[in-house]
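Trainee: coordinates for the following, if possible.
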Amino acid sequence: MKAVRNIAVCLSLVALVVTTTSCGGGSTRKANAASVAANSVKKVQVKVAVAELQNVEQIAEFSGTVTANVRNSIASAGATRIDKILVEVGDRVAKGQTLVEMEPSNYLQASAQLQNLKVEYSRAEALYQSGGVSKQQLDQLKTQLDVAETSTQNLAINTHLVSPVGGVVTARNFDNGDVAGGAPILVVEQLNPLKIQINVSEEYFSRVKVGMRVNIALEVYPDKHFQGNVSLIYPTVDATTRTFTVEVAIPNDQMLIRPGMFARATLNLGTMPHTVIPDIAVQKQQGTNDRFVFVIHNGVAIRKVVQLGRRLDDKMEILKEVAPGEHVAIAGVTRLVDQTEVEVVE
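Mentor: Numbers count the residues shown, from 1 in each chain. Take a look at the predicted model:
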């Protein structure tokens, strides 16, 4: 019986060893299989193109609002009652034309006082010649006369309001009998020429010149094209936007254009050497306006957001982030994310 028990114990130990060996071998095989599977994952295959440096014609478009070349607010300097407004909105007026007559009592009173002073001064001059008054008295009268003349002229200007430019009445803010109180009664705008202000990137500061031709497009006239010229360049660059302001004068002989219209101005700023790549390399980020490319470096795809310039047939001008000589992915791009390992194929 003792011999039988010993044999049973031995058989149990053998079974345990076999079982343990079988389990350990299965784990090893699974680990080896996972390692083989991991090693068998292929790199993403891509085709690439080389970014090139090319002289690109710099055609830049800017938007702006048409404004009058000259805009005058017609107002009296004092809080005077309006006697009569002589024009209406839309009327064309000439330079020097009287537009508004203010209540004239102050002007009439000053004119009468001026005439009296002139008479007194004439008498004083005669008396001075005969020794009847001193030089000091004569000088005092002359000073009073000069002050009265200046005051009367000022009242005349503020009683008979004239247009300083030829143009069109574009606003009327009061009626006859109102007290203007120094606020604009009318607005006169010069409509030929007109102008727009555009903000140009500082990189073009040395390229924009007064007199440069500008092509103008207006949304209200989709089939028409207008020409303008750079008339003024502001001498400073805005440190926040990195732009400078340019004024463009627009002839308006046919009076088709009006202040307030939305305009697009296109300038030809010559050529500049910029990077160009095939357009199929450029991808769009969904939900945004970002454009990006994958630059291949040492077998890794690096995602770069780019700033685009002009389209040149089947190529795109790249303003930033891609340097000439770098390789960009043009096939297999949809399978890439940043830092994907790739294999370049022909």
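Trainee: find the centremost residue of the chain, please.
Mentor: Central residue of the chain (C-alpha atoms, centre = their mean): Asn199, 4.3 Å from the mean position.
Trainee: my guess is it is in a helix, correct?
Mentor: No: looking at Asn199 with DSSP: H, G, I helix; E, B strand; the rest coil, it is strand, so not inside a helix.
Trainee: excluding its backbone neighbours, what's nearest it?
Mentor: Leaving aside its sequence neighbours, Asn199 sits nearest to Thr243 (C-beta to C-beta, 6 or more residues apart in numbering; 4.0 Å). (Glycine included, C-beta is placed from N, CA and C.)
Trainee: just Ser73 next, same as before
Mentor: Once flanking residues are discounted, Ser73 sits nearest to Pro184: 3.6 Å by C-beta to C-beta, 6+ apart.
Trainee: so that neighbour is in which element?
Mentor: Pro184 is part of no helix or strand when elements are defined by DSSP states H and E.
Trainee: pretty sure it sits against Ile74.
Mentor: Yes: using C-beta atoms under 8 Å, Pro184 makes contact with Ile74 at a distance of 6.4 Å.
Trainee: between these two, who's got more neighbours?
Mentor: Just comparing Pro184 and Ile74: by other C-beta atoms under 10 Å the higher neighbour count belongs to Ile74, 23 against 16.
Trainee: how many residues are close by the closest residue to that one other than its chain neighbours?
Mentor: Leaving aside its sequence neighbours, Ile74 sits nearest to Leu186 (C-beta to C-beta, 6+ apart; 4.1 Å). Leu186 has 25 neighbours, counted by other C-beta under 10 Å.
Trainee: can you pull the pLDDT of Leu186?
Mentor: In this prediction, Leu186 carries a pLDDT score of 96.
Trainee: that one pairs with what?
Mentor: Beta-bridge partners recorded for Leu186 (DSSP bridges): Ile74, Arg172.
Trainee: measure it to Pro235 for me?
Mentor: Separation of Leu186 from Pro235 (C-beta to C-beta, to the nearest Å): 34 Å.
Trainee: how about Gln136?
Mentor: Using C-beta to C-beta, Gln136 is found at 52 Å from Pro235.
Trainee: got it, and Ala265?
Mentor: Distance from Ala265 to Pro235, by C-beta to C-beta: 20 Å.
Trainee: more neighbours: which of these two?
Mentor: For Ala265 versus Pro235, neighbours defined as other C-beta under 10 Å are more numerous around Ala265 (23 against 8).
Trainee: that one: what secondary structure?
Mentor: Of the three states, Ala265 takes strand under three-state DSSP.
Trainee: look up the residues forming beta bridges with it.
Mentor: Counting by DSSP bridges, Ala265 forms beta bridges with Phe62, Ile216.
Trainee: domain ranges for this structure, per the record?
Mentor: 45-57+273-344, 61-66+190-271, 76-172 (automatic domain parsing).
Trainee: pull the contacting residues for Thr152.
Mentor: Residues in contact with Thr152 (C-beta atoms under 8 Å, 6 or more residues apart in numbering) are Tyr107, Ala110, Ser111, Gln113, Leu114.
Trainee: make that Ala126, sorry
Mentor: When contacts are counted by C-beta under 8 Å, 6+ apart, Ala126 touches Gly132.
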